[in-house]
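In: Predicted model and sequence follow; I will ask about them next.
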Amino acid sequence: MYKNLVPAGALALAAVCFSIPVFSQTKPASGEPVKAGFVYVSPVTEAGWTKQHDEGRKAVEAALGSKVRTTFVENVPEGADAERVIRDLARQGHQIIFTPSFGYMEPTLKVAKDFPDVKFESITGYKTAPNVATANARYYEGRYLAGIAAGRLTQTNLAGYVAGFPIPEVLQGINAFTLGMRSVNLKAEVKVVWLNAWFDPPKERDAAMALFNQNVDVIAFHTGSTAVMAAAQERGKLAVAYHSDMRKLAPDAQIVAVTHQWGDYYTRRVQAVMDGTWKSGTVWGGVKEGMIRVGDFGPRVPKTVQAEVLARQKDIASGKLQPFAGPITDNEGREVLPKGQSMTDAQILAMNFLVSGVQGRIAK
């Protein structure tokens with residue numbers, strides 16, 4: 001996850017691809033398993049951001065068996081603590097270390113300078129080095145699809161959105177969700193509450209309850225816990241799960257889940273270390289690459305709506321549907337993109353506005 005606003009340097013990610021060759025390392029000693037380390041910004045819970053990355057770690061173990069040995073450290077704050085943990089993993093002989101939180105980017109780069117033979121994967125970061133690669137997912141594609149379901153199911157035409165920090169990734173999600181809703185329901189609007197926190201279950205719950213008290217009947221969120229889903233379940237409202245399938249926690253509330261699938265990417269990167277073919281580079285994958293998936297429909301979603309969402313998912317995968325296609329107007333009436341154009345990756349990565357239909361402003 002991100003913690004701070006992304007500088008203009010993030011636009012380097014606009015050169016999206018699945019490998020930008022920079023540097024490769026020699027193979028590990030013959031017969032020795034690759035040691036892969038993972039650093040998590042929150043505890044491993046039943047569902048959520050960290051859960052999905054831990055599922056990716058388990059997928060590596062399942063795919064590579066005795067050829068790999070993984071370890072993880074959970075609930076590591078961004079900053080000095082992260083640097084200490086990452087450095088410890090490098091000293092312990094891990095050949096590849098995954099750091100999935102934006103606030104880990106600088107600590108990762110700092111440690112990487114001191115351990116040039118160790119490979120690092122900065123997940124959601126944007127700065128690379130000869131032994132540091134970056135990867136992120138096009139979460140907004142899933143948000144658009146979830147918006148279609150929400151737009152079909154809302155009775156009040158008002159959705160809520162509990163948001164962490166006002167950074168481009170979060171703005172992309174809010175805007176895509178709103179555009180998805182309004183693609184099937186022109187009356188739909190989205191009310192946003194900013195938390196300035198990623199993982200704070202009590203605050204997440206309070207924000208959801210406040211939105212429900214303002215006529216919201218379907219809710220989405222960009223935070224790290226399951227608190228919003230639990231609140232929706234308690235109040236009899238509808239909710240979009242994020243990161244993970246959360247039907248176990250909100251069996252009646254969940255209409256759909258936007259899930260992140262890291263297993264394939266993580267496995268390929270560990271395999272590359274094993275083969276001696278690892279290269280630094282940048283990845284920004286979405287529905288097409290299997291890194292984002294929408295599904296896990298709840299019982300209150302008609303089959304026709306499920307079919308519609310899945311059909312649009314195929315359209316995104318094929319390139320037929322672009323979530324950020326014009327005309328797009330911001331919520332202050334200014335034209336952002338004319339009809340017939342689609343936003344470039346650079347524009348998406350630098351997003352700093354809220355689309356028409358969003359109630360509220362970008363938090364300072």
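Out: The structure has been received and is ready for your questions. A quick note: this is a predicted structure, and the numbers were derived from the prediction, not measured.
In: which residues of this structure score low on pLDDT?
Out: By pLDDT under 70, the weakly predicted segments of the chain are 1-30.
In: Break it down into its domains, please.
Out: Here the domain parsing of the chain from automatic domain parsing is 8-138+261-285, 139-260+292-359.
In: Make TSV from those and add mean neighbour count to it.
Out: Backbone N, C-alpha and C define where each C-beta goes, glycine included. Output for the domains of the chain, formatted as TSV (neighbours: other C-beta atoms under 10 Å):
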stretch	mean neighbour count
domain 8-138+261-285	19
domain 139-260+292-359	20
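In: Would you confirm that residue 36 contacts residue 59?
Out: No. Using C-beta atoms under 8 Å, residue 36 makes no contact with residue 59, being 11.6 Å away.
In: what is in contact with these two at once?
Out: Shared contacts of residue 36 and residue 59 (C-beta atoms under 8 Å, 6 or more residues apart in numbering): residue 266.
In: Quick one: the strands in the stretch 51-200 of the chain, in order.
Out: Ranges of strands within the stretch 51-200 of the chain are 68-73, 96-99, 119-123, 132-137, 158-163, 189-194, based on DSSP state E, counting those that start in this stretch.
In: Any chance of CSV for those strands, columns distance to residue 322?
Out: Listed next are these as CSV, based on distance: least, C-beta to C-beta, whole Å:
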stretch, distance to residue 322
strand 68-73, 36
strand 96-99, 30
strand 119-123, 25
strand 132-137, 17
strand 158-163, 21
strand 189-194, 20
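In: How about residue 252, nearest residue that isn't a chain neighbour?
Out: Residue nearest to residue 252 in three dimensions, not counting chain neighbours: residue 233, with 6.1 Å by C-beta to C-beta, 6 or more residues apart in numbering.
In: Help me confirm that the one you found is found in a strand?
Out: No. Applying DSSP: H, G, I helix; E, B strand; the rest coil, one finds residue 233 to be helix, outside a strand.
In: Provide the secondary structure category for residue 211.
Out: Classification of residue 211 by three-state DSSP places it in helix.
In: List the residues that contact it.
Out: Taking C-beta under 8 Å, 6+ apart, we find residue 211 in contact with 160, 162, 191, 193, 219.
In: Relative to residue 245, which of these is nearest.
Out: Proximity of the contacts of residue 211 to residue 245, judged by C-beta to C-beta, is greatest for residue 219, which lies at 16.6 Å.
In: Can you classify that closest one as helix, strand or coil?
Out: Three-state assignment for residue 219 (three-state DSSP): strand.
In: May I have the beta-bridge partners of it?
Out: residue 160, residue 239 (DSSP bridges).
In: hang on, isn't it packed against residue 162?
Out: Yes. Look at residue 219 against residue 162 with C-beta under 8 Å: they come within range, at 7.0 Å.
In: what is in contact with those two at once?
Out: 208, 211, 228.
In: what about the helices in the chain?
Out: Here the chain has its helices, by DSSP state H, at 49-64, 80-91, 105-114, 139-153, 168-184, 201-212, 227-235, 263-275, 303-318, 345-349.
In: would JSON lines of these with distance to residue 125 be doable?
Out: Converted to JSON lines, the helices of the chain look like this (distance: least, C-beta to C-beta, whole Å):
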{"stretch": "helix 49-64", "distance to residue 125": "14"}
{"stretch": "helix 80-91", "distance to residue 125": "12"}
{"stretch": "helix 105-114", "distance to residue 125": "3"}
{"stretch": "helix 139-153", "distance to residue 125": "15"}
{"stretch": "helix 168-184", "distance to residue 125": "12"}
{"stretch": "helix 201-212", "distance to residue 125": "25"}
{"stretch": "helix 227-235", "distance to residue 125": "26"}
{"stretch": "helix 263-275", "distance to residue 125": "14"}
{"stretch": "helix 303-318", "distance to residue 125": "25"}
{"stretch": "helix 345-349", "distance to residue 125": "13"}
